[in-house]
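# Give me coordinates for this.
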Amino acid sequence: MRNWPYHVAVPARLYQGTDFLALMKFCEGLNICDICYTVKRDGIEYAVYIFADRSEAEKFRQQFNGEIIQSQE
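Okay, here's the model as predicted:
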């Protein structure tokens, strides 16, 4: 994951169904990793999206009220 150092967590329950489609549409053209992972904190599951570029990760974070977190490596 060295080429993908910016990880943004969003509550998983908020981005399912049609909201997921909106999320994917927003990501078109961004340098986002093909895989994501989940983490659980305080009983809440988060989907973590991974970016190569800090400015793109920040745009995503702002758009979806996410949080930049440390990589799981």
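# got the buried residues for the lowest-mean-pLDDT helix or strand in the chain?
Least confident helix or strand of the chain, by mean pLDDT, DSSP states H and E, is helix 18-27 with a mean of 89. Under the neighbour-count criterion of 16 or more other Cβ atoms under 10 Å, helix 18-27 has 23, 27 buried. From N, CA and C alone the C-beta is placed, and that goes for glycine too.
# give me the beta-bridge partners of Arg41?
Ile44 (DSSP bridges).
# ugh, typo on my part, it should be Tyr6
Phe51.
# Make sure it is actually in contact with Tyr49.
No - at 9.1 Å, Tyr6 does not count as touching Tyr49 under the criterion of Cβ atoms under 8 Å.
# Between these two, tell me which one has more neighbours.
Tyr49 (25 against 22; other Cβ atoms under 10 Å).
# Might one say that that one is in contact with Val10?
Yes - using Cβ under 8 Å, Tyr49 is in contact with Val10, at 7.2 Å.
# and the spatially most central residue of the chain, how far is that from Gln70?
The C-alpha lying nearest the average C-alpha coordinate of the chain belongs to Tyr49 (Cα atoms, centre = their mean; 2.6 Å). Distance of Tyr49 to Gln70, computed by Cβ to Cβ, to the nearest Å: 14 Å.
# Overlap of the contact sets of Tyr49 and Val10?
Contact criterion Cβ atoms under 8 Å, 6 or more residues apart in numbering; residues shared by Tyr49 and Val10: Gly66.
# Put the alpha carbons of stretch 42-59 into PDB.
The C-alpha trace of stretch 42-59 is given here as PDB (Å, rounded to 0.1, in the frame of the first residue of the first chain):
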ATOM      1  CA  ASP A  42     -16.800   2.100  19.000                       C
ATOM      2  CA  GLY A  43     -19.300  -0.400  17.500                       C
ATOM      3  CA  ILE A  44     -19.500   1.500  14.200                       C
ATOM      4  CA  GLU A  45     -18.300  -0.100  10.900                       C
ATOM      5  CA  TYR A  46     -16.400   2.200   8.600                       C
ATOM      6  CA  ALA A  47     -15.500   1.700   4.900                       C
ATOM      7  CA  VAL A  48     -12.000   2.900   4.200                       C
ATOM      8  CA  TYR A  49     -11.200   4.200   0.800                       C
ATOM      9  CA  ILE A  50      -7.500   4.500  -0.300                       C
ATOM     10  CA  PHE A  51      -6.000   7.300  -2.300                       C
ATOM     11  CA  ALA A  52      -2.600   8.000  -3.900                       C
ATOM     12  CA  ASP A  53      -3.000  11.800  -3.800                       C
ATOM     13  CA  ARG A  54      -3.500  13.800  -0.600                       C
ATOM     14  CA  SER A  55      -5.600  16.500  -2.300                       C
ATOM     15  CA  GLU A  56      -8.000  13.900  -3.700                       C
ATOM     16  CA  ALA A  57      -8.300  12.100  -0.400                       C
ATOM     17  CA  GLU A  58      -9.100  15.500   1.200                       C
ATOM     18  CA  LYS A  59     -11.800  16.300  -1.500                       C
END
